[in-house]
Every structure is written in structure tokens, then in C-alpha cells.
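[1] return atomic coordinates for the entry below.
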Amino acid sequence: MESALSAGIQMAEALQTRLPWLESMWLWVTFLGDPKSLFLLYFPAAYYASRRVGVAVLWTSLITEWLNLVCKWFLFGDRPFWWVHESGYYSQAPAQVHQFPSSCETGPGSPSGHCMITGAALWPVMTALSSQVAARSRRCSPGLVDDPPSPHGAGAQFLWSDCTGPHAGCQPHLLDPHYAGPGPFLVQQDVGPPNGLPGSTLPEGHSSHRSINLASKWCERPEWVHIDSRPFASLSRDSGAALGLGIALHSPCYVQVRRVRLASSQKVACLALAMGLLGALSWLGHPPQASLFYVFNFLKYTLWPCLVLALVPWLVHLLSAPEAPPTRSS
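    Have a look, this model is predicted:
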């Protein structure tokens, strides 16, 4: 593990010293790969392009982020900005690596949420796009024979088509509003480790607050250590989003618009309005106390799917619906 971390540090040092002009690009890539961007960008964009794909993106995000959190508590991987100091690996020649606000995260570093969560959540989007491209290719070239898929690709495609196809076998489970129950279940499964409650099990020699203490100790600027990067923040986000998804699918607004085929202009209006509202919620301040922040974060992400699935489409459809022609008096 030390060799992998050392190679990562050397690569980061080389990029920062030899290609400093790429700094803004890499920060932007980091933002796009952040799991929080799934809720802010990818989920609403995918939903307004295809309702089924959008729900799949959100559901995959919730499950994968929970699995990522479980893996983090078992693996307890170090983050580079504190590992270079704690390990003593660079005691003779300290590494010249700059820190950024996005690098001072407080949770364990392995496995990477940027890779695991975002990559898994975008898989439905890529599968849907590849299906569209393949369908258009077959229409343009009827005699074209498809390449045989790889075993893992065929399996993933089968699961995706089974869940989202016209005769979806698991469609009732995917869209059933009663599956909001995973929210409390996720809290019950993970509330112990991040908070050190009785009964929590962590690897031997690891404190439940070890990663938070190390981040606070070695981050260059205290204001970069954000409370929303704590492990339990992602759990409150996922639990709230799961509950909000169930509420949205059961809401009167969603019932009114679920059978309506929105025009392209209406979809663009929905996306613009949703992005504006979600952006305002994202930049909204939060309580400094950890317990109040978790409650606030839970409520905020409960509202998130309600806005995207129900309130925004209902409002756009209501405002853009053609008025009925006036009746002529006899």
C-alpha cells in the first residue's frame, strides 16, 4: 500500500511542478467526479432525458455510496496529505505537494468515492447511450452484425435491460415508492462506526475519529476541513435522498405529470429550473454543530428528489400548458 501511495504522491508532485497550468482543469475534473455532483448535475440531467435512466442513476448512487462507506471503514485507507507526514516515508526529503480545499477531506481515503461511486452511477447513462447508438446503427445498416459482447458486458447489459426494458422484470421494485425504507436501514447499519456508538466494530487499532483528527491536524488551512466531507455526511445524504425518492414517487404532483410526455423545450426548462433550485440549496449555509448539520443535510437531500421528480416538472407543465379556448355564448 505504501508503494501505491508513494507513486501517487510522486505523480501529483510532478503534475504540480511541471504542468502548473493544468491546475484549474484538474480541479474542475475533481468537481465533476465528486459524488455530490451526481445529485447536483448528473441525476437531474439524466432524469429529464429519460425518467427511467434518471431513477437508475439516483438509486445506483445511493447503494454504491453506502457500499463505499462500508468499505472505507474496513480498509481505513490514508489520504495522501496526511500520509506524507504520518508515515515518515518522506522524513528525509519532504514532498512538495500543494493542498487544495477539495483535498482536505476527512473520511478514509480508500476506496476512492470519485472512482467507485461516480463510475457506477454513470453506468446506466453510458449503457443507455450505447443502446441508442447501437439501435441507430442497426437502422442505418440493417445488415451490420453486432460484435459479440464480453461476458461481463453481456451480464451488465442483461441486468440493465431487465430493470429498465419495456418488460422490466424488476421495474416494480425500482419505481415502487415503498422502497424509501432503505433510508432508516442505512442509518441503522452505519450509525455506529462514524460516531463510536456502543456495538460499533472497527479494525483493530483504528479510532472511529482517526481520519477526522488526522485531517484537522495536517490540512494547511482549518477552513478547508469541511463538515460535509465527514463519512456520516454521505450517509445522511443517501438516507434523505432514498426517503425523498419514495415521497416524490407517491406525491400528487408526480401522479399528475408521470404520464405526460414533456416537449424538448419543457425538459430544458425543467433542467434549468431544477439546477437553479438545487444550486441554491447546495450553496445554502449549514449549522456548525455536527448533529444539527446531519439533520439539516438529511432534510435537504430529502427535498432534492421531490424537486426533480415532482415539483419542477409539475410547475413547468402547469405554466406551459395551453389555455383552453373560450367558449362561445349562444
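
[2] next secondary structure after the host helix or strand of Gly240?
    Using DSSP states H and E, the element containing Gly240 is helix 231-249. On the C-terminal side of helix 231-249, the closest following helix or strand by DSSP H and E is helix 252-257.

[3] list the buried residues in the helix or strand following that following helix.
    Counting by DSSP H and E, the next helix or strand C-terminal to helix 252-257 is helix 264-282. The neighbour-count check on helix 264-282 (16 or more other CB atoms under 10 Å) flags Gln266, Lys267, Ala269, Cys270, Leu271, Leu273, Ala274, Met275, Leu277, Leu278 as buried. Just so you know, the C-beta spots here come from the backbone N, C-alpha and C atoms, and that holds for glycine as well.

[4] let me have those residues in TSV, extended by pLDDT and distance to Lys72.
    Putting these into TSV (pLDDT from 0 to 100; distance: CB to CB, whole Å) gives the following:
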residue	pLDDT	distance to Lys72
Gln266	92	41
Lys267	93	36
Ala269	94	39
Cys270	94	35
Leu271	94	32
Leu273	94	35
Ala274	94	30
Met275	91	29
Leu277	92	31
Leu278	90	26
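
[5] any chance of those residues in CSV, with distance to Thr30 too?
    As requested, the buried residues of helix 264-282 are exported to CSV (distance: CB to CB, whole Å):
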residue, distance to Thr30
Gln266, 33
Lys267, 29
Ala269, 30
Cys270, 28
Leu271, 23
Leu273, 27
Ala274, 23
Met275, 20
Leu277, 24
Leu278, 19
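
[6] just how off-centre is the helix holding Gly240 within its chain?
    11 Å (CA atoms, centre = their mean, to the nearest Å).

[7] average model confidence for that helix?
    Mean per-residue pLDDT for helix 231-249: 92.

[8] Ser282 against Leu41, yeah?
    No - counting by CB atoms under 8 Å, Ser282 does not reach Leu41; the two are 10.3 Å apart.

[9] if we ignore the residues flanking it in sequence, what's nearest Trp216?
    One thing to correct before we go on: residue 216 is Ser, not Trp. Among residues not flanking Ser216 along the chain, Val225 sits closest, at 5.4 Å (CB to CB, 6 or more residues apart in numbering).

[10] so who does the one you found touch?
    Cys104, Thr106, Ala215, Ser216, Cys219 (CB atoms under 8 Å, 6 or more residues apart in numbering).

[11] can I get those residues in a markdown table with neighbour count, secondary structure and pLDDT?
    A markdown table is the format used below for the contacts of Val225 (neighbours: other CB atoms under 10 Å; DSSP: H, G, I helix; E, B strand; the rest coil; pLDDT from 0 to 100):
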| residue | neighbour count | secondary structure | pLDDT |
| --- | --- | --- | --- |
| Cys104 | 22 | coil | 83 |
| Thr106 | 21 | coil | 84 |
| Ala215 | 22 | helix | 84 |
| Ser216 | 14 | helix | 83 |
| Cys219 | 20 | coil | 86 |
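
[12] now, which of those residues sits nearest Lys36?
    Distance to Lys36, by CB to CB, is smallest for Thr106 among those, at 14.4 Å.
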